[in-house]
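1. Here's a sequence, model it:
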Amino acid sequence: MKTRLLMLTIAAACAFGGNASALTKAEYGTQKDQVKAAYKADRDKCSALKSNAKDICVADAKGKEKVAKAELESQYKPSTKNSRDVAMAKGDAVYNVAKEKCDDLSGNAKDVCVKDAKAAHVKAKEDAKVVKVSRESGARSEKAMDVKKDAAEDKREANYKAAKERCDSLAGNAKDACQKEAKVKFNM
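-> Next up is the predicted model:
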């Protein structure tokens, strides 16, 4: 977990640092080749693994590649859309790896894991939408405010579904109390 956060921090720093000046076509081509080579190396490491560990490794390699490609495109052609694409690629990568990790679980634990992964994915997607619209139309515009409101609603609903799923492992009064608490917490 700490490694993933460190890598995302480094990637974000590179992305923001790189946006100060766009890449030349030659630099873009060279870095694109480096991304392909890094993906191939990451993918080759997965071949030694078995079962779900291999699936997790492959999902991680694909995610890193997509994030690197999106960041490279954002550096080559800086734009609001490309910045949003970077955020979306990061959210998708984390979601896909988390979903694969859930496959090691079973029953309610797996269901909760999947709902938590979906909630994190929804948050990443909605945050990316908010950033894009805020940059395009100004943070205080009516459109931006509507997108923020919709994003908050979508995130709240996803978090509620995850909390509700956690309640399914309980029975009787404890389950009822858990569900009521989730409804109150997420205003459902």
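2. Which residue comes closest to Cys102 once chain neighbours are left out?
-> Using Cβ to Cβ, 6 or more residues apart in numbering and skipping residues adjacent in sequence, the residue nearest Cys102 is Cys113, 3.7 Å away. Every C-beta, even on glycine, is put in place using the N, C-alpha and C of the backbone.
3. Neighbours of the closest residue to Leu23 other than its chain neighbours, how many?
-> Using Cβ to Cβ, 6+ apart and skipping the chain neighbours, the partner closest in space to Leu23 is Tyr76 (4.7 Å). Around Tyr76 sit 18 other residues, with neighbours defined as other Cβ atoms under 10 Å.
4. before we move on, which element is the closest residue to Ala117 other than its chain neighbours in?
-> Ranked by Cβ to Cβ, 6+ apart and with sequence neighbours excluded, the top spatial neighbour of Ala117 is Ala98, at 3.8 Å. Using DSSP states H and E, Ala98 sits in helix 80-102.
5. That helix: which residues count as buried?
-> Of the residues in helix 80-102, 82-102 count as buried by neighbour count, 16 or more other Cβ atoms under 10 Å.
6. got the contact list for the residue nearest to Ala117?
-> Applying Cβ atoms under 8 Å, 6 or more residues apart in numbering, we find Ala98 in contact with 113, 116-117, 120.
7. Hmm, Lys90 is touching Val67, no?
-> Yes: contact status for Lys90 versus Val67: in contact at 5.5 Å, counting by Cβ atoms under 8 Å.
8. Let's verify Pro78: helix, strand, or coil?
-> coil (DSSP: H, G, I helix; E, B strand; the rest coil).
9. ok, now how distant is it from Gly138?
-> Using Cβ to Cβ, to the nearest Å, Pro78 is found at 19 Å from Gly138.
10. Neighbour count: these two, which is higher?
-> Pro78 (16 against 11).
11. Next, work out how far apart that one and Arg135 are.
-> 11 Å.
12. Outline the domain layout of this protein.
-> Using automatic domain parsing, the domain parsing of the chain gives 1-78, 105-188.
13. mean pLDDT lowest for which of those?
-> Among those, domain 1-78 carries the lowest mean pLDDT, a mean of 81.
14. Check the offset of that domain from the chain's centre.
-> Relative to its parent chain, domain 1-78 has a centroid offset of 14 Å by Cα atoms, centre = their mean, to the nearest Å.
15. repeat for stretch 136-153
-> 20 Å.
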